[in-house]
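> Would you be able to build a 3D model of this:
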Amino acid sequence: MRHSVRLGIALIVLAGLTGPVSAAGEALGPLAVAAPSAAQRRPALLADEARTDDPELRSEAFLIVDQRSGRVLLERNAGRVAPIASLTKLMTAMVVLDAGQSLKETLSVTYHDVDTLRNSRSRLPVGSKLSREEMLRLALMASENRAAAALARHYPGGTRAFVRAMNAKARALGLQRTRFAESTGLSAGNVSTARDLARLVQAAARYPLIRAFSTDDAHAVAVKGRLREFRNTNALVRDPAWEIGVSKTGYIKEAGRCLVMQAWLQDRPLVIVLLDSFGRYTRTADARRLRDWLAERPWERVLAAQRASAG
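I've put the predicted structure just below:
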């Protein structure tokens, strides 16, 4: 049985957001994610209340960040390094788009793109031909592994060069505990932390195509002459109660069920990272628990408590 950990609620205002990344705080343009050392220098806010008032998220690791202020609202095990499964594909998409290759170029699925590590299923048979744009859409929306593999294989210099570019991009973004071994997420060698992934989501949100493709509900493409419909792996994009800017799910046995999103709750943009959820529906249930918890907790009350604690 998974252990239960009560939350400490940290509302931390970071200074010097435009400076280089440091152990005391991680910056990404105007947005920031607090590191544990920064949190430890301030008294915990609402600590007594947190013991009885928390959303009881059941993911083993999570981080919830208010993008407007850079405040970490909730976190647990946010610095734990773990496999990230298909969350990898957000980095895959950024590297593809950064390369500036033609999105209209036709790419082919070959036997090199078949998963021989986990023998996962795919709806793109060998011989499928799609544009780079369609491959990117299916990798993000439907988490198609063969599409992600084909994108890497058609990168200048091939798959090895693509993986080098993924790790170089991670370093450029200040993802200090993130490493990539391949482009799909099937390898447990693709690892990160909730804290790094929050920064990754913020970076991905700056790409219009990633925002559009990762939140598509469904999309039909012609595969070997037959129209085939693909659906988003995140059911929340079909829920009218949610306004989602970026979305990606992931699952391999070593990672558990994972979900990252940029979403608007209480009319504020949040970055939501939920890792290692047990059971098929826990990650989406956690997201709904978070939404309901925030709906009952007005931002004015949160900010007032922060000001009172600051003194």
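> okay, whatever helix or strand V271 lives in in PDB with CA atoms only?
For V271, the host element (DSSP states H and E) is strand 268-277. Provided in PDB are the C-alpha atoms of strand 268-277 (Å, rounded to 0.1, in the frame of the first residue of the first chain):
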ATOM      1  CA  ARG A 268      -4.700  31.600 -13.100                       C
ATOM      2  CA  PRO A 269      -2.200  29.600 -15.100                       C
ATOM      3  CA  LEU A 270      -0.700  26.700 -13.200                       C
ATOM      4  CA  VAL A 271       2.000  24.200 -14.000                       C
ATOM      5  CA  ILE A 272       0.900  20.800 -12.700                       C
ATOM      6  CA  VAL A 273       3.300  17.900 -12.500                       C
ATOM      7  CA  LEU A 274       2.000  14.500 -11.200                       C
ATOM      8  CA  LEU A 275       4.400  11.600 -11.200                       C
ATOM      9  CA  ASP A 276       4.200   7.900 -10.300                       C
ATOM     10  CA  SER A 277       0.500   7.600  -9.800                       C
END
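> which secondary structure elements does it contact?
strand 61-66, helix 194-204, strand 256-265, helix 282-295 (3 or more Cβ pairs under 8 Å, 6 or more residues apart in numbering; DSSP states H and E). Heads up, the C-betas are built off the backbone N, CA and C, glycines and all.
> Output the below-cut-off pLDDT ranges for the stretch 201-311 of the chain.
Applying pLDDT under 70 to the stretch 201-311 of the chain picks out residues 298-311.
> rewinding a little: any idea which of the helices and strands packed on strand 268-277 gets closest to A93?
With Cβ to Cβ as the measure, helix 194-204 is the member of these nearest A93 (6.9 Å).
> got any ranges where the stretch 1-150 of the chain has weak pLDDT?
In the stretch 1-150 of the chain, residues with pLDDT under 70: 1-54.
> Swap in 50 and give it another go.
Scanning the stretch 1-150 of the chain for pLDDT under 50 picks out the ranges 1-52.
> Walking through it, point out its strands one by one.
With DSSP state E, counting those that start in this stretch as the criterion, the stretch 1-150 of the chain has strands at 25-28, 31-34, 61-66, 71-76, 82-83, 106-108, 129-131.
> ok, residues contacting the shortest one?
Which is strand 82-83. A61, A188, G189, N190, V191, S192, T193, I252, E254, A255, L275, D276 (Cβ atoms under 8 Å, 6 or more residues apart in numbering).
> what about the helices in the stretch 101-250 of the chain?
With DSSP state H, counting those that start in this stretch as the criterion, the stretch 101-250 of the chain has helices at 132-141, 145-153, 158-172, 194-204, 208-214.
> Let's have those helices in a markdown table, adding distance to R268.
Compiled in a markdown table, the helices of the stretch 101-250 of the chain are given as follows (distance: least, Cβ to Cβ, whole Å):
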| stretch | distance to R268 |
| --- | --- |
| helix 132-141 | 24 |
| helix 145-153 | 32 |
| helix 158-172 | 27 |
| helix 194-204 | 14 |
| helix 208-214 | 17 |
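> M91: which of the ones you listed is closest?
helix 158-172 (5.2 Å).
> could you give the angle of that closest one to helix 194-204?
100 degrees (axes from the mean of the first three to the mean of the last three Cα atoms, to 10 degrees).
> Measure how helix 158-172 sits relative to helix 145-153, angle-wise.
Using the same axes, to 10 degrees: helix 158-172 against helix 145-153 is 90 degrees.
> closest one to L73 among the helices of the stretch 101-250 of the chain?
For L73, the closest of the helices of the stretch 101-250 of the chain is helix 194-204, at 11.2 Å, according to Cβ to Cβ.
> For the closest one, give me every contacting residue.
For helix 194-204, using Cβ under 8 Å, 6+ apart, the contacting residues are 26, 28-29, 31, 33, 35, 61-63, 65, 67, 75, 77-80, 84, 87, 90-91, 93-94, 170, 173-178, 192, 210-211, 214, 246, 260-262, 271, 273, 275.
> circling back: any chance of JSON lines for the helices and strands packed on strand 268-277, columns distance to S128 and mean neighbour count?
Compiled in JSON lines, the helices and strands packed on strand 268-277 are given as follows (distance: least, Cβ to Cβ, whole Å; neighbours: other Cβ atoms under 10 Å):
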{"stretch": "strand 61-66", "distance to S128": "36", "mean neighbour count": "26"}
{"stretch": "helix 194-204", "distance to S128": "26", "mean neighbour count": "27"}
{"stretch": "strand 256-265", "distance to S128": "27", "mean neighbour count": "22"}
{"stretch": "helix 282-295", "distance to S128": "29", "mean neighbour count": "19"}
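> Reformat these as a markdown table; add distance to S122.
A markdown table is the format used below for the helices and strands packed on strand 268-277 (distance: least, Cβ to Cβ, whole Å):
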| stretch | distance to S122 |
| --- | --- |
| strand 61-66 | 29 |
| helix 194-204 | 23 |
| strand 256-265 | 20 |
| helix 282-295 | 22 |
